[in-house]
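Undergrad: Below is the sequence, then the predicted model.
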2 protein chains.
Amino acid sequence: MATVDLKRLAKELGLAVSTVSRALRDSYEISAETKERVFELARKLNYQPNPYASSLRKHKSRTIAVVIPEIANNFFALAINGIESIAQEKGYHVLIYLTHEQYEKEVAITRHLQSGRVDGILVSLSGETTNYDHLVDLKQKGIPIVFFDRIAESINSPKVITNDYESGYKAAEHLIQSGCRRIAYLSISNNLSISNKRMQGYLEALEDHRIKHDPKLAIQCSIHDNEENYKTVIALLKRKNRPDAIFASVERLAIASYHACEELNLSIPGDIRIISFSNLETAALLNPSLTTITQPAFEIGKEAASILFKILEKKSMTFSEERIILNSKLIVRKSTAQ
Amino acid sequence: MATVDLKRLAKELGLAVSTVSRALRDSYEISAETKERVFELARKLNYQPNPYASSLRKHKSRTIAVVIPEIANNFFALAINGIESIAQEKGYHVLIYLTHEQYEKEVAITRHLQSGRVDGILVSLSGETTNYDHLVDLKQKGIPIVFFDRIAESINSPKVITNDYESGYKAAEHLIQSGCRRIAYLSISNNLSISNKRMQGYLEALEDHRIKHDPKLAIQCSIHDNEENYKTVIALLKRKNRPDAIFASVERLAIASYHACEELNLSIPGDIRIISFSNLETAALLNPSLTTITQPAFEIGKEAASILFKILEKKSMTFSEERIILNSKLIVRKSTAQ
């Protein structure tokens, strides 16, 4: 029996080999009808591409990796959907790797990716990462990296981010305009580019409104332990000189804050106002609805993947200076009402 | 310069080769301190394992794949964390593939996985899948499959599920005991094992309580389109003979229902009670808090991964009849209060 290859499929279907190839890659250029015919015959004849052989031959795995800190987070879920929307068009597979916010895990993953398993990598850094050698190594092996959201400023690779500084400023200013003066800022890691910029915006807004910053209100929470964060917020809210607002720099700190207020019988926004960076799907349905700075997560993923594919297609790294900034949106809801 | 291999690392560190190997795989058997020493030297000497070569040689990729329908869903996020907790112990990488509830995507992914990219696969089926040939092919290639949550009954592979029938029964009975008589059942796909069992439980509870089932209250929603589901619930709630309760078989149908009630100014639970299968982190914080049937998602992932590794370690398929059932929990909150 003859080998089932693209040529044979094309011949039996009366289509060009390139059409069959694109249909099998689920390219948007091919009609659903044609794809269906191609898939049906491919299944019938049990056609199999040989990924290992072809990746060794062409140094093309037709696969990209996404390395992210966590999965139970709507920002990353949406960003991945954005990435996949582009990868699907290009006929690429997307592998998702989780670092669980651990530096060692991030190093192990990038090491694992060094030898041609994937054509390119999209990275959002773990909260523990301060040394970037593992990413430099990866670049030196010729594997392009595009950063999104949590970036390494010092590495010369394209970066897709949001206007974190302006958003931090806007969030703090919104609280100040609602009458708050003692605004606690909750962050998960001093290492992260996003945490620092958001906090800079917060500090600048305080200064512009002549509010003296109380360092005791800048709270460093745990990257790993939500239970500990809940206790941290409880302790914060039990202080004699309680803050009148919480600015959560990431979603799960807002959730911890809501649970803490419920435990302490504090009214949001009566006793304390809460604002958070968040892509939480249920933000509008919470009790009370949560005021958010919402990042264009899907678009960030889409943009990062688009840049990576531009690099892969042109086989050049001339995009390395590129920095795309997409704007986040302040969505005012009841948790910051006056 | 001598090649940097495990032997050289072991010699320089004064450790056994097996210790170095396990440290690099981040094994739980090795102390954090030793791992740190090994990682440091490995980084310094730029040690690199060659995954392609070794996978061809040993037919061992030290990688497993998880194929799931969607990522913006707390059940799958938690299940993946459970899977990774086991994979990390075993020194394995986990690749996550998303089908986006599409049959063709699921076929393309399993095809892509046929040639030894991974040692084994954990699968939760897409809502479109009714033909399982692609999974049979995979098994025939000797790649073990373990199903979790959304299973293919007819395939002789281990399965890890929850007590969907009993949970569906319990959820419907809870609504009946709260006084509901016209309970709408919302599902996303008739193809899914979980949807059917949950619905059987619902129907059985109605019958046991002598409530005639109205087929117009069994609503088939969209697998792909949340906007359409929102409109479906709006239409349902605008009917002359409005249901007095909604039983959402998956989380996002509960979210669509909450939004629809807000739009129509209907009170939950006053006008309509809502219960849902859900691992939503914010269920207790919603307005009103949502009564849920909560699956042991983390444990399901952990159990499924454990079985897969048992197969990989014993190199046998004798676990194929295994079926693990973990119980879900009814958590009563305000959305079903009398």
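TA: Everything's here; your move.
Undergrad: Would you pull up the residue in chain A closest to chain B?
TA: Nearest to chain B in chain A, going by Cβ to the nearest Cβ, is A:Asn287, at a distance of 3.4 Å. (C-beta placed from N, C-alpha, C; glycine too.)
Undergrad: tell me the contacts of that residue?
TA: B:285-289 (Cβ atoms under 8 Å, 6 or more residues apart in numbering or on different chains).
Undergrad: if I pick the residue nearest the centre of chain A, what's in contact with it?
TA: Among the residues of chain A, the one closest to the centroid is A:Phe76, at 4.0 Å (Cα atoms, centre = their mean). By Cβ under 8 Å, 6+ apart, the contact list for A:Phe76 reads A:68-70, A:124, A:297.
Undergrad: Show me the strands in the stretch 201-338 of chain A, by range?
TA: Assigned strands in the stretch 201-338 of chain A, in chain order: A:218-220, A:245-248, A:273-277, A:291-294, A:323-326, A:329-331 (criterion: DSSP state E, counting those that start in this stretch).
Undergrad: before we move on, what about the stretch 51-200 of chain A?
TA: With DSSP E, counting those that start in this stretch, the ranges of strands along the stretch 51-200 of chain A come out as A:63-68, A:93-98, A:120-123, A:145-148, A:159-162, A:183-187.
Undergrad: so what strands line up beside the first one?
TA: It stands for strand A:63-68. Here strand A:63-68 has these sheet partners by DSSP bridges: strand A:93-98 (parallel), strand A:120-123 (parallel).
Undergrad: What lies in contact with that strand?
TA: With Cβ under 8 Å, 6+ apart, strand A:63-68 has contacts from A:76, A:79-80, A:83, A:87, A:92-99, A:106, A:109-110, A:113, A:117-124, A:305, A:308.
Undergrad: who in the stretch 201-338 of chain A is up against chain B?
TA: For the stretch 201-338 of chain A, the contact set with chain B under Cβ under 8 Å from any Cβ of the partner chain comprises A:255, A:258-259, A:262, A:280-282, A:284-289.
Undergrad: of these, closest to A:Leu6?
TA: A:Glu281 (41.6 Å; Cβ to Cβ).
Undergrad: hang on, that closest one packs against A:Asn73?
TA: No. Counting by Cβ atoms under 8 Å, A:Glu281 sits too far from A:Asn73 to count as a contact (11.4 Å).
Undergrad: Any idea how many residues pack against the residue nearest to A:Asn131 when sequence neighbours are not counted?
TA: Counting by Cβ to Cβ, 6 or more residues apart in numbering or on different chains, A:Tyr103 is the residue found nearest to A:Asn131 once chain neighbours are left out, at 7.5 Å. Counted by other Cβ atoms under 10 Å in any protein chain shown, the residues lying close to A:Tyr103 total 18.
Undergrad: what do you get for A:Lys139?
TA: 17.
Undergrad: Equivalent analysis for A:Asp149, please.
TA: A:Asp149 has 25 nearby residues by other Cβ under 10 Å.
Undergrad: measure it to B:Ile121 for me?
TA: 30 Å (Cβ to Cβ, to the nearest Å).
Undergrad: Check A:Leu45 too.
TA: 23 Å.
Undergrad: Have a look at the two and say which one is more surrounded.
TA: Taking other Cβ under 10 Å, A:Leu45 and B:Ile121 do not tie; B:Ile121 has more neighbours (25 against 16).
Undergrad: so who does that one touch?
TA: B:64-67, B:110, B:113, B:138, B:143-146, B:308.
Undergrad: what's near enough to touch the nearest residue to A:Asn241 once chain neighbours are set aside?
TA: Excluding the flanking residues, the one nearest A:Asn241 by Cβ to Cβ, 6+ apart is A:Arg182, at 7.1 Å. Residues in contact with A:Arg182 (Cβ under 8 Å, 6+ apart) are A:214, A:217, A:241-245.
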